[in-house]
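Colleague: Generate coordinates for the sequence data below:
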Amino acid sequence: MIIDVKELYQKVDDYMNHEVTLQGWIRNHRKQKEFGFIDFNDGTFFKTTQIVYDNKLGDFDEIQKLRVGSAIEVCGTVIASPAKGQTFEIQLKSLKLLGDCPENYPIQPKRHTREFLREQAYLRPRTNLFGAVFRVRSVTAMAIHEYFQSHNYVYTHTPLITTTDCEGSDQMFKITTLDFNHLPEVDGHVDMSKDLFGKQAYVTGTGQLHGEAFAMAYKRIYTFGPTFRTENSNTKTHANEFWMIEPEIAFCDLNGLMDIEEDMLKFVVNYVLEHCPEEINFFDQFVEKGLKEKLTKLVQSTFTRITHHDVVDILKQADVKWEFTPDYGEDIAKEHERYITEYFNGPVFITDWPKDIKAWYMKVNEDGKTVAAVDLEVPGAGELMGGSEREADYDKLMARIDEMGVDKNTVDWFCNLRRFGGCYHSGFGMGFERLLIYLTGVENIRDVIPFPRTPGNCDY
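Modeller: Coordinates of the predicted model:
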């Protein structure tokens, strides 16, 4: 019977003293004169399984030659293990080599630096760290879908190719089918009417605008997919390709939006704690001490709600020498985010931001100076989500577009949503990788994306 290692761990009592067959890879191979131990993993579970064999096997000498990384099929009996820290092991009866591996296999049973493993991105899921990271990534994605599906949201696939300028065309990748060596020109400029779509097109930086269109039909929708930005930034939290979760909710104001953000985040964190205990314990021990306590505390926390103006008041009154001086009309820096979450000893919603530093589609408050926007700051990570109540008044939105210098021709359809049965509505965005950084304690975005795309790096 071929089974998975995960099933073996979950039902070990049922399999004890029974014969099983496993298929997977050699993580480590410790050889003695008369016996040997193979650390075996098939990718279905964080922990390895120990395969024990001795020289009573007819092919003992051949088994001793097997190298780390090789793919094998093993058949053996599940027995109680005398070794400390493991309840069972497999007494080998037969082994079949399915895929050999050379001596120069890069992932040897020793500690490798994360920088080295980024250069081996196609092999790094086979290590303990990245095996755990990408399994948590999978489980977290499932948690997100589970939350929204169970709350009657429609999962909406918004386009990756768009002609709508939402984030600013300077931040979006341009796409074309034109031959760069023979570009058609009109009055000294490239004639984009000759391109595939007859106009300039971009790779999207957000699914929000198209998501709002579907929210006006389904009431509650969410997008979850890749987005792209051209920022030439080499920080630990920026990448040129990343994933975003973007819900849009009709008949929802800013307070209702914060309720949803808090509820969703607590659900996802708790889901990961319940479904990935081995991985979380590993991260807690080897990556970020106190991670499990941090995540558990968030699930049990009450999130503070405070305006941007009041946050700046607190920062200005703090007995701290700031690197960046807090200001009422400016964004807040990382050091400010950290101070505020420590000040309130938990997650903090910061609301009502200066309109001049926020996007054109956000609802302007009655004071005419701020918008109904909110950022969620969490301890140890800073900003995790950003959202707002959207401007639902057509005339006010058009005035804001003029004020911000947005090309009306690219967003006319979006504005028409206000004319055709529009209503008050809100939405937020959360970077998936930023959430994974928080969940795992792995602080670099390059280490929570399978194949990272960052400035100067587009390998594989």
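Colleague: what about the nearest residue to Phe286 once chain neighbours are set aside, helix or strand, and which?
Modeller: Spatial nearest neighbour of Phe286, chain neighbours left out: Leu129 (7.6 Å); criterion: CB to CB, 6 or more residues apart in numbering. Glycine gets a C-beta too; all of them are placed from N, C-alpha and C. Leu129 belongs to helix 128-150 when assigned by DSSP states H and E.
Colleague: Now do that helix: everything it contacts.
Modeller: 41, 43, 46, 114, 117, 124-125, 155, 220, 222, 224, 245, 247, 264, 267-268, 271-272, 275-276, 278-280, 282-283, 286-287, 432, 435-436, 439-440, 442, 447-448, 450 (CB atoms under 8 Å, 6 or more residues apart in numbering).
Colleague: Mark which of the residues you listed are buried, thanks.
Modeller: Neighbour-count burial (16 or more other CB atoms under 10 Å) applied to the contacts of helix 128-150 gives 41, 46, 117, 124-125, 220, 222, 224, 245, 247, 264, 267-268, 271-272, 275-276, 279-280, 282-283, 287, 432, 435-436, 439-440, 442, 447-448.
Colleague: low-scoring stretches of the stretch 151-300 of the chain, by residue?
Modeller: 165-170 (pLDDT under 70).
Colleague: if you set the cut-off to 50 instead, what comes out?
Modeller: For the stretch 151-300 of the chain, no stretch is flagged by pLDDT under 50.
Colleague: any chance you could map the helices in it?
Modeller: 208-218, 254-275, 277-286, 291-300 (DSSP state H, counting those that start in this stretch).
Colleague: Likewise for the stretch 301-450 of the chain?
Modeller: 308-317, 334-344, 394-404, 408-416, 432-440.
Colleague: which helices and strands sit right next to the third one?
Modeller: This points to helix 394-404. helix 408-416 (3 or more CB pairs under 8 Å, 6 or more residues apart in numbering; DSSP states H and E).
Colleague: what residues are up against Ile3?
Modeller: 15, 20-22.
Colleague: let's go with 6 Å and repeat that
Modeller: Val20 (CB atoms under 6 Å, 6 or more residues apart in numbering).
Colleague: Equivalent analysis for Phe242, please.
Modeller: Phe242 sits in contact with 431, 433, where contact means CB under 6 Å, 6+ apart.
Colleague: buried residues in the helix holding Leu129?
Modeller: For helix 128-150, by 16+ other CB under 10 Å, it's 128-137, 139-141, 143-144, 147-148.
Colleague: Can I get that helix in CSV, CA atoms only?
Modeller: Below are the C-alpha coordinates for helix 128-150, written out as CSV (Å, rounded to 0.1, in the frame of the first residue of the first chain):
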residue,chain,number,x,y,z
ASN,A,128,13.3,22.5,6.2
LEU,A,129,13.0,26.3,6.1
PHE,A,130,11.5,26.7,2.7
GLY,A,131,9.5,23.5,2.8
ALA,A,132,7.8,25.1,5.8
VAL,A,133,7.4,28.5,4.3
PHE,A,134,5.8,27.3,1.1
ARG,A,135,3.5,24.9,2.9
VAL,A,136,2.3,27.8,5.1
ARG,A,137,1.8,29.8,1.9
SER,A,138,-0.5,27.1,0.6
VAL,A,139,-2.4,26.8,3.8
THR,A,140,-2.8,30.6,4.2
ALA,A,141,-4.2,30.8,0.7
MET,A,142,-6.7,28.2,1.5
ALA,A,143,-7.6,30.1,4.7
ILE,A,144,-8.3,33.2,2.7
HIS,A,145,-10.6,31.5,0.3
GLU,A,146,-12.3,29.7,3.2
TYR,A,147,-13.0,32.9,5.0
PHE,A,148,-14.5,34.8,2.0
GLN,A,149,-16.4,31.8,0.6
SER,A,150,-18.0,31.1,4.0
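Colleague: what's the angle between it and helix 254-275?
Modeller: Going by axes from the mean of the first three to the mean of the last three CA atoms, to 10 degrees, helix 128-150 is angled at 130 degrees with respect to helix 254-275.
Colleague: Mind checking the pLDDT average for helix 128-150?
Modeller: Averaging pLDDT along helix 128-150 yields 98.
Colleague: Kindly report the same for stretch 346-366.
Modeller: 96.
Colleague: And that stretch, what's buried?
Modeller: 346-355, 358-365.
Colleague: circling back: which one of the helices of the stretch 301-450 of the chain lies closest to Pro82?
Modeller: helix 432-440 (33.6 Å; CB to CB).
Colleague: From the chain's centroid, how far away is the closest one?
Modeller: Distance of helix 432-440 from the chain centroid (CA atoms, centre = their mean, to the nearest Å) equals 5 Å.
Colleague: What of stretch 385-395?
Modeller: The answer for stretch 385-395 is 25 Å, by CA atoms, centre = their mean.
Colleague: Keeping just the C-alphas, turn it into CSV.
Modeller: The C-alpha coordinates for stretch 385-395 follow below in CSV (Å, rounded to 0.1, in the frame of the first residue of the first chain):
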residue,chain,number,x,y,z
MET,A,385,-3.6,46.2,5.1
GLY,A,386,-4.7,49.4,3.4
GLY,A,387,-8.3,50.3,2.5
SER,A,388,-10.9,53.0,2.3
GLU,A,389,-14.5,53.9,1.7
ARG,A,390,-14.8,54.7,-2.0
GLU,A,391,-16.1,57.9,-3.4
ALA,A,392,-19.7,57.1,-4.4
ASP,A,393,-20.7,60.6,-5.6
TYR,A,394,-20.1,60.9,-9.4
ASP,A,395,-19.6,64.7,-9.4
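Colleague: ok, and for it, which residues are buried?
Modeller: Those buried within stretch 385-395 under the rule 16+ other CB under 10 Å are 385-392.
Colleague: Also stretch 299-317?
Modeller: Result for stretch 299-317 [16+ other CB under 10 Å]: buried residues 301, 303-304, 306, 308-309, 311-312, 315.
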